[in-house]
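# dropping the sequence and predicted coords here.
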Amino acid sequence: MPWPPAGAVGLLQVPCRRTGPPQALAAGLRDCYSGTEEFEAPSASACSRRLLHPLEACTGPPPCTCTARAPEPAAKRPRGDRERGRVKLHMPRLTVRLVLLSALLSLVAALVCTLAADRLAAAAQADAAAQHWEAAFQGYQAALRFTPWRHSLRRALDASSRSWAPEYEGAAEPAVERALIEALADSGSASSLSLVLDSSMATVPAGPFWMGDRQGRNDEQPVRRIILKAFLIDRYEVTHAQYAAFVEATGATPPRYWSDGEYPPGTAAKPVVGVSWQQAQAFCRWAVKRLPTEAEWEKACRGEDGVTYPWGETWHPERANVGLQSGDAWPTRLDDVWTWLEVGGAPDSPRLLPVGSLPGGASPYGVMDLAGNASEWVQDAYNWAGYTESPSEDPLISQPPWNHVVRGSAWIDLAGQQAQVAFLSRCAARSSSHSADDPRVGFRCARDFPGTPPDE
């Protein structure tokens, strides 16, 4: 072999020089990984045999100087690839840990809520024993907000309501109740007013009724015999005072016609309007209630006999707070209606009235303002198809989720014509909305009859 071999020039880069017996030299090569290894050997063959790495050059006569290139370190993967691989490798383990952590947090939250509810319920029980029914009602209601699944608290709430507010079962004369509401509104006692209104619910017994109207639109047909479980429904629409308590407690967004988070002065007992379906649903849940279904609303309006209007078969505009057009200043757009809510229109212009102001408009079950004042959200989605495919027992339409049913006529109608308003005030009349806020639309809440598990 010619010495040096062709191509051997420039192989010595960062030499690691060692001397000694070939075995020791070869073994020492293992410890040299940067650059090349250079050492002396007695011959080229010895150099070739003893090197652990390929012979690169052997220069000079024997004994010669052998040069071998040390092995290159294994190429490292880019850091990002290595990290991504590690994430993939441990993803199942990470998911399990997250699930376990979430379950642990849920368990801790449930335990904290249960402890808080137990303390509130104990205080409410003491108030009930002392016949402080108002405080007992408030305590049980607060406890239920922490643990709404506890039916024992719901039964205690119902019992305290009946004891503190006899009108809960209709024992008090409607005139007495209205006088109480008016007095509380005039006194500025919004919290007491809210409490009376929250507890004032009408009982609608279980059984059948006729839903729909043969003289109505296609979406009100076919007329069907529907069977419902017993339920309770708010005697009055949710008012400004009640909704203000909800806003304060939860930080919810107030309606757009309120100023600095407060409703217009002197309107505590007027129904709140301009709230979305989601906000109405949130309020009812906060109040340990729910929105009524469309079928429940209609039965509460017309009773088992299926009357056309809450009070009977004949239209009486004086029994419902509905706006009939008068003068040239009648609004033609919803945006114009907001101004009437904020500053009011002319002295004889339509306006919201305190709930229950027109007792002649009561339904067969004593529910007020189902025609006029505020139109009302219900639970159901509006499907345009009528009742053909609707169940005959406790029906609830859930699709499409972006368009919900509105029931009842309102304090103002853009057409403002007598015939149109009368048609919309029928108990069977249906409408819908997917608007986030409408100055005509409010709501009321319902609740399963005491002792019945709540709907999920």
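Great, that's in hand.
# CA atoms for contacts and neighbours, from now on please.
Will do.
# which SS state does the residue lying closest to residue 293 once chain neighbours are set aside fall under?
Nearest non-adjacent residue to residue 293, counting by C-alpha to C-alpha, 6 or more residues apart in numbering: residue 379, 4.9 Å away. When classified by DSSP: H, G, I helix; E, B strand; the rest coil, residue 379 comes out as strand.
# in contact with residue 379, which residues?
Residue 379 makes contact with 291-294, 396, 404-405 under the criterion C-alpha atoms under 8 Å, 6 or more residues apart in numbering.
# what does the pLDDT read for it?
The confidence metric pLDDT takes the value 96 at residue 379.
# take the contacts of residue 379 and write them to a markdown table, including neighbour count and distance to residue 156.
Converted to a markdown table, the contacts of residue 379 look like this (neighbours: other C-alpha atoms under 10 Å; distance: C-alpha to C-alpha, whole Å):
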| residue | neighbour count | distance to residue 156 |
| --- | --- | --- |
| 291 | 26 | 22 |
| 292 | 28 | 22 |
| 293 | 20 | 25 |
| 294 | 25 | 28 |
| 396 | 16 | 28 |
| 404 | 23 | 33 |
| 405 | 21 | 33 |
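# out of those, which one has the lowest pLDDT?
Across the contacts of residue 379, the smallest pLDDT goes to residue 396, namely 90.
# enumerate every residue touching the closest residue to that one other than its chain neighbours.
In this structure, residue 396 finds its nearest non-sequential neighbour in residue 380, 5.8 Å apart by C-alpha to C-alpha, 6+ apart. The contact partners of residue 380, by C-alpha under 8 Å, 6+ apart, come to 293-294, 396-398, 404-405.
# now do the helices in the stretch 151-300 of the chain.
Per DSSP state H, counting those that start in this stretch, the stretch 151-300 of the chain carries helices over the ranges 151-164, 174-187, 190-199, 240-250, 277-286, 294-302.
# what residues does the third one touch?
Same thing as helix 190-199. 161, 165, 168, 181, 184-185, 234, 236, 238, 241-242, 245, 268-269, 287.
# now do that helix against helix 240-250, angle only.
Calculated by axes from the mean of the first three to the mean of the last three C-alpha atoms, to 10 degrees, helix 190-199 forms an angle of 100 degrees with helix 240-250.
# where does the prediction get shaky in the protein?
1-91, 158, 160-173, 325-329, 342-348, 416, 451-456 (pLDDT under 70).
# how does it divide into domains?
16-69, 99-157, 165-448 (automatic domain parsing).
# now those domains as TSV including distance to residue 92?
Formatted as TSV, those follow (distance: least, C-alpha to C-alpha, whole Å):
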stretch	distance to residue 92
domain 16-69	39
domain 99-157	11
domain 165-448	35
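# need the winner for burial among those.
Neighbour counts (mean count of other C-alpha atoms under 10 Å) averaged over each of those peak at domain 165-448, with a mean of 19.
# before we move on, back to that, mind putting the contacts of residue 380 into CSV with secondary structure and distance to residue 429?
Shown next, in CSV, are these (DSSP: H, G, I helix; E, B strand; the rest coil; distance: C-alpha to C-alpha, whole Å):
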residue, secondary structure, distance to residue 429
293, coil, 14
294, helix, 11
396, coil, 17
397, coil, 16
398, coil, 19
404, strand, 14
405, strand, 10
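# break down this protein into its strands, ranges please.
Taking DSSP state E, the strands of the chain run over residues 16-18, 36-41, 55-59, 64-69, 201-204, 207-211, 224-228, 231-234, 375-381, 404-407, 430-433, 441-442, 446-448.
# about what we covered before: could the helices of the stretch 151-300 of the chain go into TSV alongside distance to residue 257?
Output for the helices of the stretch 151-300 of the chain, formatted as TSV (distance: least, C-alpha to C-alpha, whole Å):
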stretch	distance to residue 257
helix 151-164	33
helix 174-187	20
helix 190-199	19
helix 240-250	11
helix 277-286	15
helix 294-302	27
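# ok, residue 364 - contacts?
Contacts of residue 364 (C-alpha under 8 Å, 6+ apart): 300-303, 310-311.
# which pair of these spans the longest distance?
Farthest apart among the contacts of residue 364 by C-alpha to C-alpha are 300 and 311. That separation is 11.6 Å.
# what residues do these two have in common as contacts?
Contacts common to residue 300 and residue 311, judged by C-alpha under 8 Å, 6+ apart, are 363-364.
# what's the closest of the contacts of residue 379 to residue 445?
Taking those together and measuring to residue 445 by C-alpha to C-alpha, the closest member is residue 291, at 4.7 Å.
# for the nearest residue to that closest one once chain neighbours are set aside, give its distance to residue 285.
Closest residue to residue 291 apart from its sequence neighbours, by C-alpha to C-alpha, 6+ apart: residue 445 at 4.7 Å. According to C-alpha to C-alpha, to the nearest Å, residue 445 and residue 285 sit 9 Å apart.
# got the contact list for residue 272?
Counting by C-alpha under 8 Å, 6+ apart, residue 272 makes contact with 238-240, 243, 442-443.
# torsion angles phi and psi at it?
Per-residue torsions, residue 272: phi -80, psi 140 (degrees, to the nearest 10).
# quick one: end-to-end distance for stretch 438-450.
Per C-alpha to C-alpha, stretch 438-450 runs 33 Å from first to last residue.
# and for stretch 392-407?
20 Å.
# now swap in stretch 410-417 and tell me
End-to-end distance for stretch 410-417, by C-alpha to C-alpha: 13 Å.
# got the contact list for it?
321-325, 330-334, 350-352, 371-375, 421, 440-441.
# repeat for stretch 425-435
The contact list for stretch 425-435 (C-alpha under 8 Å, 6+ apart) reads 211-213, 216, 219-220, 276, 298, 301-302, 307-310, 370-372, 382, 402-409, 423-424.
# rerun that using 7 Å as the cut-off
The contact list for stretch 425-435 (C-alpha atoms under 7 Å, 6 or more residues apart in numbering) reads 212-213, 220, 276, 298, 301-302, 308-310, 371, 382, 402-409.
# what does stretch 139-152 give?
Outside stretch 139-152, the residues that touch it by C-alpha under 7 Å, 6+ apart are 113-114, 117, 120-121, 123-124, 153-154, 156-157, 286, 288.
# my read: residue 361 touches residue 319, true?
Yes - between residue 361 and residue 319 a contact is recorded at 4.7 Å, counting by C-alpha atoms under 7 Å.
# centre of the chain to the longest helix along the chain, how far?
Ranked by residue count under DSSP state H, the longest helix found in the chain is helix 79-129. Relative to the centre of its chain, helix 79-129 is centred 19 Å away, using C-alpha atoms, centre = their mean, to the nearest Å.
# elements contacting it?
Applying 3 or more C-alpha pairs under 7 Å, 6 or more residues apart in numbering; DSSP states H and E, one finds that helix 79-129 contacts helix 133-146.
# what about the helix it packs on, distance to the chain center?
Per C-alpha atoms, centre = their mean, the centroid offset for helix 133-146 relative to its chain is 23 Å.
# how about the CA coordinates for it, as CSV?
Only the C-alpha atoms of helix 133-146 are listed here, as CSV (Å, rounded to 0.1, in the frame of the first residue of the first chain):
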residue,chain,number,x,y,z
TRP,A,133,-91.6,32.6,57.5
GLU,A,134,-90.0,35.3,55.4
ALA,A,135,-86.5,34.6,56.6
ALA,A,136,-87.2,30.9,56.3
PHE,A,137,-88.3,31.2,52.7
GLN,A,138,-85.2,33.3,51.9
GLY,A,139,-82.9,30.8,53.6
TYR,A,140,-84.3,27.7,51.9
GLN,A,141,-84.2,29.5,48.5
ALA,A,142,-80.6,30.4,49.0
ALA,A,143,-79.8,26.8,50.0
LEU,A,144,-81.5,25.5,46.9
ARG,A,145,-79.3,27.7,44.7
PHE,A,146,-76.3,25.8,46.1
